[in-house]
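>>> Make a model of this:
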Amino acid sequence: KALLSPVEREGRGLDFRNRAEQALRPRDHDLHGAELELGDEHESRGQRSGAIQPDLDRPADEALHVDIQTDSGHDVECGAGSIHVEDADVIAVMPRTHSLEVEIDTPPTILEEVRDVQREAPADEELDRAKVQVRTDIAFHRESPAQIVAALTEGVAVGDWRRILREMELVAAVNGDDVTRVASEYLFDRNLTAGWFVPDTGVDPDRNGGASRPQPCFLHQPFAERVTLSTLPAGVRAVVLPNPHAPTVTIAGTLAAGGASVTDGRFSVAGMTAAMVDRGTRRRDRLALARELENHGLQLAVEASASSPTMVSFNAQGLSEEFERLASLLFEVLREPSFPGSELDKLREQVMGALARERQETPPQAYAALTRHLYPAGHPLHRRPVDEREREVATLTTDDLSSFHARTYGPASLVLAVVGDVDAERALRVVGETLGGWRGGVAEGSEWPVTPAHGPADTRIHISDRPSADVFLGHAGRLRRGDDDFAAAILANSC
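Okay, here's the model as predicted:
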C-alpha cells in the first residue's frame, strides 16, 4: 500500500482529526478534472522524481493533494486515495483544475508514475513514510465501537476476522520489492478506468475567446476498433469482441426459426423444436450431453420466445480455455438434434402442465385476449386459446419437429457474437471450422398476414376464485424491428 500518496512533514502520521474540519468546508465546484481508477488493493505512495511534486507547506488535512505541472505552466491539483469495494480497494487519482483554459493531460503523467513504481522499488525512506501513514490510518479507524464492528464485519466477509488484529503488523512488513511486485501484477492498463467531469458553466467557448474545453482521454482502444465483423461461408454473420478482463467466453446468436417461419399455422412446432434440440443429438443422448457440459463447467440454452416470433436465440458460455469444446457442443446441438420420442413425451407433459396453469392465471389470459383482437388468425403474435394449443401439442410428432428443423435451422440466417478472452482471428477460425459443411436454413421469414385496423373493443374474462384482475390496453402497430421508426416508437411507448 505504498502508491501515489504525498509526503507528510518529517514522516509523521497524518492528523486525521482535521479531516472532519476539511469535510465541513465549502467545496469549490468550479473545478473540472479526470478520475482514474486502478484496481486493486493499494492506497498510497510517497514522493518520487518526475511530474508529481509534493507541497510540503500544505497543512496536514490537505496532505492528500499534490500539484502536477502541465506543459502549459498551469497548476493542476491532484488527490490520490483508495475506494473500498468489498475486500479489495480501487486507487482513485483525481487531477483537478480551476481553469477551463487548461487541457488536462495528466492521466499519461500519472500512469508514468505508476510505471516508475513497477520498474523500481521506492526508496526505504519513502516507503517508511507511506507505511506510517497507512498504519496511522488503520489506528484511527479502530477507535470507536462502530469502527471496530465495521472492521470485524469486513474481516468476516473476507474469511478471517483475526486479520484485523494483524493489519498493523502486515503493513509494517511490506518492503519495496512487495510494492513493485504488486504494482506490476495489478496496476496495468486493462485495469484502468478514466472518467472526466466537466461542469456546464453556461459559458459559450466561442464567446470566451475560443477557449477550448478538456476532451476525453482515450487510454483504451475505441470500442468500434475492438470489434471484428465477418461473413463466414454459407452466409453466417459473425462478430467478435475480445474481452481480456476475465477468462471467460460467451457465444450468443439467433436463427430465423421462430413462429414466424411456420407455414401451416401450427405455431407450437417452433417452440417445441427449440426446446428439443438440447435433449439429445446424433452423438450423445440427453444425459451424456448434460454430463459433458457439467464436467467442463459449460452452460448452453436454446429458446424460441413467443414475444420474438421471428427468431430462435441461443447462448453458450464457459471458460475461455474451453472455447473449442463450447463451440463444438453448441453447433452439435443446433445441427444434429435426434428428437428422441421419449424426450418429446416428457416435454409434452411439461408444456401441457404449463397450459393448464395458464388457464387459471389472469395476466396471460388477458394478454392473449388482447392479441386475438389486434392480430388476425395466422399471425405469429395472435395468441390462440389454451384449448386449441393443447390439442395441437398433443398431436405433434418427432417427424413434425425434425421436418421443421431441417427446413429452418441452418447458416443462411445464423447471426452470432463471441465475447470473451479470445483472439478474434482464432475465434472466427474455430467457428468456421465447426460450421464446415452445414447448409440450409431460411434467409428470410414468411410473410405475415396484414394487421387490419380495429375499432374499440372490451373483452372481459371471468376466472373463478381469483381475487386479482389484470387490464391490458393496446392497439395494433405495423412497425417491424428493422423499420426506421421502431426505436422511436419504443421510446414513445416508455414515456
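>>> quick one: pLDDT of residue 334?
Predicted confidence (pLDDT) for residue 334: 96.
>>> I figured it hits residue 409, correct?
Yes: at 6.2 Å, residue 334 counts as touching residue 409 under the criterion of CB atoms under 8 Å. For glycine as for every other residue, the C-beta is placed from the backbone atoms N, C-alpha and C.
>>> anything in contact with each of the two?
255, 277 (CB atoms under 8 Å, 6 or more residues apart in numbering).
>>> Wasn't residue 481 part of a strand?
No: per DSSP: H, G, I helix; E, B strand; the rest coil, residue 481 lies outside any strand segment and is coil.
>>> and it, how many neighbours?
Residue 481: 10 surrounding residues under other CB atoms under 10 Å.
>>> And residue 241, by the same measure?
Around residue 241 sit 16 other residues, with neighbours defined as other CB under 10 Å.
>>> Report the beta-bridge partner residues of it.
With DSSP bridges applied, residue 241 shows beta-bridge pairing to residue 419.
>>> so who does it touch?
Residue 241 touches 226, 227, 228, 417, 418, 419, counting by CB under 8 Å, 6+ apart.
>>> pLDDT value on it, please?
With respect to pLDDT, residue 241 scores 95.
>>> Relative to residue 272, how far out is it?
Residue 241 sits 33 Å away from residue 272, going by CB to CB, to the nearest Å.
>>> need the helices for the stretch 251-400 of the chain, in chain order.
Using DSSP state H, counting those that start in this stretch, the helices assigned to the stretch 251-400 of the chain run over residues 268-276, 286-295, 323-335, 341-359, 362-374, 386-395, 398-408.
>>> helices and strands around the fourth one, which ones?
Helices and strands in packing contact with helix 341-359 are listed as helix 268-276, helix 362-374, helix 386-395, helix 398-408; criterion 3 or more CB pairs under 8 Å, 6 or more residues apart in numbering; DSSP states H and E.
>>> With respect to residue 476, which of these lies nearest?
With CB to CB as the criterion, residue 476 lies closest to helix 362-374 of these, at 4.4 Å.
>>> So what touches the closest one?
Contacts to helix 362-374, defined as CB under 8 Å, 6+ apart, come from residues 358-359, 381-386, 451, 454, 457, 459, 461, 463, 466, 468-476.
>>> ok and that helix relative to helix 386-395, angle-wise?
Helix 362-374 runs at 100 degrees relative to helix 386-395, counting by axes from the mean of the first three to the mean of the last three CA atoms, to 10 degrees.
>>> Am I right that residue 487 falls within a strand?
No: the assignment for residue 487 (three-state DSSP) gives helix, which keeps it out of a strand.
>>> mind checking how far it is from residue 448?
Separation of residue 487 from residue 448 (CB to CB) stands at 21 Å.
>>> With neighbour numbers in mind, choose between the two.
Neighbour totals were compared for residue 487 and residue 448, and residue 448 leads with 17 against 11 (other CB under 10 Å).
>>> List the residues that contact the closest residue to residue 317 other than its chain neighbours.
Take residue 317 and drop its neighbours on the chain: the residue closest to it by CB to CB, 6 or more residues apart in numbering is residue 250, 4.2 Å away. Shown in contact with residue 250 (CB under 8 Å, 6+ apart): 315, 316, 317, 418, 419, 420.
>>> SS state for residue 250?
Assigned state for residue 250: strand (three-state reduction, three-state DSSP).
>>> re the thing from before, pick the one among the contacts of residue 250 closest to residue 304.
residue 315 (13.1 Å).
>>> Name the spans of the stretch 301-450 of the chain whose pLDDT lies under the cut-off.
Counting by pLDDT under 70, the low-confidence segments of the stretch 301-450 of the chain come to 444-446.
>>> try the stretch 101-250 of the chain
In the prediction, the stretch 101-250 of the chain carries residues with pLDDT under 70 at positions 101-109, 140, 143, 196-221.
>>> Going along the chain, name the helices of it.
106-119, 124-140, 145-157, 163-172, 176-186, 223-226.
>>> how about those helices in TSV, adding distance to residue 438?
Formatted as TSV, the helices of the stretch 101-250 of the chain follow (distance: least, CB to CB, whole Å):
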stretch	distance to residue 438
helix 106-119	47
helix 124-140	60
helix 145-157	49
helix 163-172	55
helix 176-186	44
helix 223-226	28
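>>> Adding distance to residue 235 and mean neighbour count, write those helices out as TSV.
Below are these laid out as TSV (distance: least, CB to CB, whole Å; neighbours: other CB atoms under 10 Å):
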stretch	distance to residue 235	mean neighbour count
helix 106-119	44	18
helix 124-140	60	19
helix 145-157	51	12
helix 163-172	57	14
helix 176-186	44	16
helix 223-226	24	9
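>>> what's the closest of these to residue 268?
Closest of the helices of the stretch 101-250 of the chain to residue 268 is helix 223-226, at 40.5 Å (criterion: CB to CB).
>>> quick revisit: okay, the helices and strands packed on helix 341-359 in JSON lines with mean neighbour count and distance to residue 435 next?
JSON lines is the format used below for these (neighbours: other CB atoms under 10 Å; distance: least, CB to CB, whole Å):
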{"stretch": "helix 268-276", "mean neighbour count": "23", "distance to residue 435": "19"}
{"stretch": "helix 362-374", "mean neighbour count": "17", "distance to residue 435": "36"}
{"stretch": "helix 386-395", "mean neighbour count": "15", "distance to residue 435": "32"}
{"stretch": "helix 398-408", "mean neighbour count": "17", "distance to residue 435": "16"}
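>>> Residue 343: what's its closest spatial neighbour, skipping adjacent residues?
The spatial neighbour of residue 343 that comes closest, neighbours along the chain excluded (CB to CB, 6+ apart), is residue 279 at 4.1 Å.
>>> number of nearby residues for the one you found?
Residue 279 has 20 nearby residues by other CB under 10 Å.
>>> Residue 332 versus that one, what's the distance?
When distance is defined by CB to CB, residue 279 is 13 Å away from residue 332.
>>> Please apply the same query to residue 127.
For residue 127, the distance to residue 332 equals 57 Å [CB to CB].
>>> swap in residue 228?
Shown here: residue 228 relative to residue 332, a distance of 25 Å by CB to CB.
>>> for residue 406, same thing?
16 Å.
>>> for residue 308, same thing?
Residue 308 sits at a distance of 24 Å from residue 332 (criterion: CB to CB).
>>> who's more crowded, these two?
residue 332 (20 against 16).
>>> and the more buried one, what is it in contact with?
281, 283, 284.
>>> Dump the residues you listed into JSON lines; add pLDDT as well.
Below are those laid out as JSON lines (pLDDT from 0 to 100):
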{"residue": "281", "pLDDT": "96"}
{"residue": "283", "pLDDT": "95"}
{"residue": "284", "pLDDT": "94"}
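>>> ranking those by neighbours, who comes first?
Counting neighbours by other CB under 10 Å, residue 281 leads the contacts of residue 332 with 21 neighbours.
>>> what's the closest of the helices of the stretch 101-250 of the chain to residue 255?
Closest to residue 255 of the helices of the stretch 101-250 of the chain is helix 223-226 (CB to CB; 26.0 Å).
>>> and residue 486, what does it touch?
Counting by CB under 8 Å, 6+ apart, residue 486 touches 479, 480.
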